[in-house]
Structures are given as structure tokens and as C-alpha cells.
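Undergrad: Pasted the sequence and its predicted model underneath.
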There are 2 protein chains.
Amino acid sequence: MRLVPPNVTIKDVATLAGVSPMTVSRVINGGERVSGETRSRVERAIGDLGYVPSRLARGLSRQKTGTLALIVPDVANPFFTLIVRAAEAVARRAGYRVILCDTWSELVIEREVIEEMIAHRVEGIVIAPISDRSRPHLRRLARFGVPFVLVDRTVNGIKSDVVCGDSLGGANSLVEHLISLGHRRIGFIVESDQVSTARDRRRGYEAAHRAAGLPLDPSLVVDATVDPAGGLAGMGRLLALGDRPTAVFTVNNLVALGAIEAVRAAGLAVPDDIALVCFDDIEYASRLYPFLTVMEQPAETFGTLGAQLLLERIDGRAPERLRTVVLPAHFVVRESCGARQAARQQAVPS
Amino acid sequence: MRLVPPNVTIKDVATLAGVSPMTVSRVINGGERVSGETRSRVERAIGDLGYVPSRLARGLSRQKTGTLALIVPDVANPFFTLIVRAAEAVARRAGYRVILCDTWSELVIEREVIEEMIAHRVEGIVIAPISDRSRPHLRRLARFGVPFVLVDRTVNGIKSDVVCGDSLGGANSLVEHLISLGHRRIGFIVESDQVSTARDRRRGYEAAHRAAGLPLDPSLVVDATVDPAGGLAGMGRLLALGDRPTAVFTVNNLVALGAIEAVRAAGLAVPDDIALVCFDDIEYASRLYPFLTVMEQPAETFGTLGAQLLLERIDGRAPERLRTVVLPAHFVVRESCGARQAARQQAVPS
DNA sequence: CTGACTTGTGGTACCGATAACACACGTTGA
DNA sequence: TCAACGTGTGTTATCGGTACCACAAGTCAG
């Protein structure tokens, strides 16, 4: 097993097959008029030399790379992982290669990554942006004429195709549910208003209160980072309130995990002392222990649709106007909200 | 906000700045002898035109891309997700860009992806291969002189740097633990012997039996796919045995989830009727519900070390000989093995 | 029989950058 | 005063492909 002599090029193949590079190129790219005999001679040469055409050269001369980028704030977040897989599958089936980028929810990295993708001359991008502060990065994409689709989050001041969930309606339903269970002081652990989903869920939270004629107590709404640590801290602050909430809504599942830890650390229990609901499911956790009452979003569909809209835009199959797809969320009642417990107690009156 | 005229090139910048393209190139790449005045003129031109150098062209002319690939069988598996994040962080800090590829545990896709990465002229690859059947793909990498590091799994017949866990020792400890709890019939749900980790864990399972003088019953070892569905099916078969096991060891965490479902579906409980242990933790699930007794592997370290070994190899800083790093696993006792329950009963004798 | 058309192939320029060398200027020291 | 050198910049060729046109040979209709 000899090492391939550094860089077999199309010329080497051409020489060995006794044809011009142009003919080799035709064989590689299929179709085109090449006689069967020549074709097989070239194919043999390719095999013998172990030739793999350079995407760099091809991209440069064709002026297109056949590559898309997929940018998310956190691949380790199961929600984004699902989006990524689905989008990649669609892109691959359409013959595109996909570069996956993780911004770690850091603006600086997001900027670098986007710049990098422009440099790579990707033909389009599916991106779950970090927040409204991503605006300059997206503007830059627009300036370069790189088509992009926003998934999960919109960005103020950016017009583009969008696939997102019904954060407002979903939050409204979750909080409504808590209210219907008799809760009057409902905490909300949420991230910065710079993130569209946080903003919308906050509006849903407020709408549900107004609809029920409940007052809005600002001290019940706390800001946090979107991870278990944020949930831990956020719930800590809520529990420290003089008049603490009897139920809490967290902006997503990871925050909920931290919140539960805080409740337990305080010697309390979910849902007995604090009822809990949140957005997004954690598939693996729910299989092991179907506990969290959640507003489940169809993550794969975000990815699938995002990629499809992008492909249509790239191919020019898309309509002129920009499209916004809002996917409904699915309410899953389990233990953490206390509804089942309440039902059981009702069924067996003491 | 005007659209950038299609493709600003180094020539456009040169013209606007009144210099040659070569000088622009010098400015872009820092260092080099360029007068301060010229430099700032060029920089202004770059800014005005919104110029971003093409990586394609640069890669082609420099004959190196500054890009690494990261290939895993399943990004949605939390274990691989952690590896990916860690490896990417290391590579990024070293100034490399990273292309992440998911093979979906399918050989065909793995082959395509590897071919694709050769075409992209990546400078090195960190790969968690699918199984021994990945051998031809890796051979091809070797043939092309693309350095690669195997993580998590080795491949028969492939020599390279490797970072893996102590599957043999870990499995041995897990099974030993079950035996020490009094179990005599211990099931094992595992994937094909073509996967090195499965092979090693099987050897550990057998070693523990031999050390304890227990017989090996082949009917207790069942093959399954490495996901919850596999666990469900595998446990189903074990439960159907006339003389069913009292404890089960599953090859990883996802399989364990399915196995638990099967136990529950049969109207039984873990650990009361069936004790359960497995490899790999699921961070999010364990936070919510610290239930599974696991052999936890330092996933991030797999990624960090894998990337480091690769970078050293690329830079020629690595020693001639190939290195194999075996990372110890960490035994975490929780509820699913029944040890705590046993301890409690012992503490409070009836 | 001839001109138009098809088929298979080659030649040349070019995609956008950089490597390697060339060269026009000071500077400097003997 | 002049050779040797350093500095800043330009020229040319090249990386590995493909687009576009040219062209020879064969086919076909009128």
C-alpha cells in the first residue's frame, strides 16, 4: 500500500489516460459527450491513481461550492441537535455538503464563524442566531448576497425567511394551565429580552396573567443564562422572595433542570411545593423519567423546513416575498405541574 | 445598504488602493514588509469594499486549508456531542477551522463523508469510526497521507493515534459490582463485535464472570442496535427467557433507556426485579433524576486529547511512534443497580 | 455532392489567491 | 565614491479545476 504521490491532479489522470484534462473533467462530472471507450479508460486511470478532485479548485473555477452552513448557539442542547440533524439530512439529499458551526452562544464566535462561512463561499446558511445583537452579522450576510434562513429565533430589524415556534401562544397556554390549577403567584425564569423567543414567551406569560385578571409582579420575573446553572440561580432568587411563587415557568428545559435542583436544595419538592412547567422536551430524560410538563416543539421540523426554505431560495424556486413559518407547540402534561396529582386527589376524595 | 457587487476580489481592492494585488495579500496576511501608509490605504479599501478573501483561492495557492474534520457516528448522542465540542474548541484555539460530520452510523455515509473531506483537502481528521468495517475508509485516508486520530473506538488492522476509554476494565468493574450484590445471572445487551468498545466490554463481562467462577450462559448475551429501540428489543428477549437474569449490563446509556422501558412494560421494576448498569452518563437525565448506575467516561477529554494528538501530528511535533491513550472510566453508583436499596435495608434490619 | 448539424475532443483563458523572484530605491560602511 | 545590503513593491507563474470556443470527422437532408 504505497502512499499516493503528493497530490494527484486532473493532469496526472489525463496523462495516464492519454487524453486532455478537459476530457477527464467531463468524465468526472458525468453526462456530457464522451465516448464509452474514452470514459472507461479515464475511469481506470482515476482508480489506479486514486484521484479525488479538489473541491477548492472546482469551487474556484465554477464559482460555486455546493456547500451550506448550519449555525447554532449550542450543539449540545438537544433541541438544536435535532434541528441540525434534520437540516443536514435535507441538504445532503439535495446534493449539498453541510458545514456545522457552534457559536457557543458567544457573539464574537458567531461573528467569526459567519465571516468564515463567507470566506468559504457557502451558498446559503441556516442559522439560529444568538439574539438581536446578531443583527450586524446577518446584515453582513445580506450585504454579500448570501441567502439565509433564521430558525427558532427572529432578529429585530432583519428580514428573511423564518421558521420558528409559537412562543407566545405556547407560553400563554403553559401559564394558563398553571392558573387553572389555582396558582396565583407564578414565577418566570427567562433570558434576555434580546432573544426573540424569550421576548415572546414573556409576552405570553403576561397575556395569560392579564386574561385571568391577575396582577403582574416584576419581582417574579428573573433573568438567567439558558442552562442549568441559570435555572439554579434563577430559582434561588425566586425562593428567596418573601412571598415566593407557588409555580414557576422556565424559558426552556435546561433552565428547568437547574430550577429543580434549586428546589431540592432548598428542601422542597416539585410539584408539591413548587409546580414547574417549561418549553422544550428532553427526549432521553423523558424516557427515563416522564416528569416534566412541557411545551414540546417539533425540533426536527424546524431543521427540515429551514433547510427546505433555504434550498428553494438558493434555487430561485422561492417566491419573492419572505416567508415566516410558525410551528405550533405541543402541550405535554406530566408530573411537574402537579395536575396529575391534583386529579388523583380529586378522584379519591379523602 | 448596497449589495456588494458580486465577488469583490483582491484585484478590486488593489485597484482602489492603487497598489498591486501582491501588496494587498501582504496586508491581509499581516507581518511582512509593508509601509504603514500603504497598509492603512489598503485596509481602508478592504473596509470600503467589504472584501473577504476567498478561502478557496487561498487554499489552492497555499496548498493547505487550515481545516480539520471531526467525524462521529451520531451527534445527537450526548457522549459524542461532548467530544465534538471539546475537540472543536481545541482546534479553534490552534487557529484551525473545523468541519463537523455526522455519519448516522451508516457505512455508506461514512465513506462519502471521508471522501468529501479528502476532496476538501482537510489537514487532519478526528474520527469516531463506526466499526471495524470502517477499515477501508481509514486505509484510504492513510493512502492519501491525511493524518487522523481515532477516538472512542479502535479499528482492527488500523494503526494510528488513539484515544479511548477503558472498556474492558470498566465493564469488568460494573459486572463485578453486580456479582458482589449477589447476582448470578447477569444479562448483557451489546452491539456487534465489530465495534471495539463492544468487543472490549464483552471481554470485561466475561472476565468478571470467570474471576467469580460463574458460568457464561450465551443466551444471556444479546445483540442490539445502540439506541433506545435496541435496548427495548434486547431487554424484551432477556425477559422472555425461561430463567431470566436478575441483573443486566447494557453497552451504553441509550440502550439502558430502552431496557428500562421494556422492564416497565413487563410490569416489573428497576432495580427491584432487574438491576441495571451501563456505560456512559446522560448529564441532563442524571440532573433531573440521578437514577442510573453508570461507568462514566470523560467524554470532553476524549475530544480534547484527540484534537491535541492530531495537531501535534500535523505540526510534526508528534513522536514517530503512534500513541494510544486509554482514559480511565469513573464508576458512579446510583439507584438502578440496587446497591443503595440493599444498603438501606441492611441499615434498618426488619 | 454539399452545406448544416452532431459528436467527441483539445486549446486557452480564467477563477482568486500566493510563492518566488526581480527591482528600484535609500543607507551604510570602507 | 561605490559595493553591499535592507526595504517596499511589482511581475510572473502557478495552484487544480472548468467555461467557452474551435475543430475534425461523421451523419443527414435536399
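TA: Sure, I can see it. Residues are numbered from 1 along each chain as shown, chains lettered A, B, ... in the order given.
Undergrad: contacting residues for the residue of the stretch 201-350 of chain A found nearest DNA strand C?
TA: Across the stretch 201-350 of chain A, the shortest distance to DNA strand C (CB to the nearest atom of the strand) belongs to A:Ile314, at 18.4 Å. Any C-beta I mention is one placed from the backbone N, CA and C, and that applies to glycine too. By CB atoms under 8 Å, 6 or more residues apart in numbering or on different chains, the contact set of A:Ile314 is A:123-124, A:147.
Undergrad: any idea whether it is helix, strand or coil?
TA: helix (DSSP: H, G, I helix; E, B strand; the rest coil).
Undergrad: Now it: closest residue in space, sequence neighbours ignored.
TA: Spatial nearest neighbour of A:Ile314, chain neighbours left out: A:Gly124 (4.9 Å); criterion: CB to CB, 6 or more residues apart in numbering or on different chains.
Undergrad: Can you give me the pLDDT of the most centrally placed residue in chain A?
TA: With distances taken as CA atoms, centre = their mean, the residue of chain A nearest its centroid is A:Phe80 (3.8 Å). Predicted confidence (pLDDT) for A:Phe80: 96.
Undergrad: any idea how far A:Pro218 is from it?
TA: 31 Å (CB to CB, to the nearest Å).
Undergrad: Same question for A:Leu257.
TA: Distance from A:Leu257 to A:Pro218, by CB to CB: 25 Å.
Undergrad: now swap in A:Gly165 and tell me
TA: 26 Å.
Undergrad: Among those two, which residue is more densely surrounded?
TA: A:Gly165 (28 against 6; other CB atoms under 10 Å in any protein chain shown).
Undergrad: Spit out the contact partners of the more buried one.
TA: A:152, A:197, A:297-298, A:302, A:326-329.
Undergrad: ok, for it, nearest residue in space, not its chain neighbours?
TA: In space, A:Gly165 is closest to A:Gln297, 4.5 Å off (CB to CB, 6+ apart).
Undergrad: same deal with A:Ile28?
TA: A:Pro53 (5.7 Å).
Undergrad: pLDDT value on the one you found, please?
TA: 95.
Undergrad: What is the neighbour count of A:Gly204?
TA: When neighbours are counted by other CB under 10 Å, A:Gly204 comes out with 24.
Undergrad: wait, does the host helix or strand of A:Arg44 contact DNA strand C?
TA: A:Arg44 belongs to helix A:36-49 when assigned by DSSP states H and E. Yes. Helix A:36-49 is in contact with DNA strand C by CB under 7 Å from any atom of the strand, via A:37-39.
Undergrad: of the residues you listed, closest to B:Gly267?
TA: Closest to B:Gly267 out of these is A:Arg39 (64.1 Å), distances taken as CB to CB.
Undergrad: need the contact list for the residue lying closest to that closest one once chain neighbours are set aside.
TA: Spatial nearest neighbour of A:Arg39, excluding adjacent residues (CB to CB, 6+ apart): A:Val27 at 5.4 Å. The neighbours of A:Val27, taking CB under 8 Å, 6+ apart as the test, are A:34, A:38-39, A:42-43, A:46.
Undergrad: quick one: which of those residues is nearest to chain B?
TA: Nearest to chain B, judged by CB to the nearest CB, of the contacts of A:Val27 is A:Ile46 at 12.5 Å.
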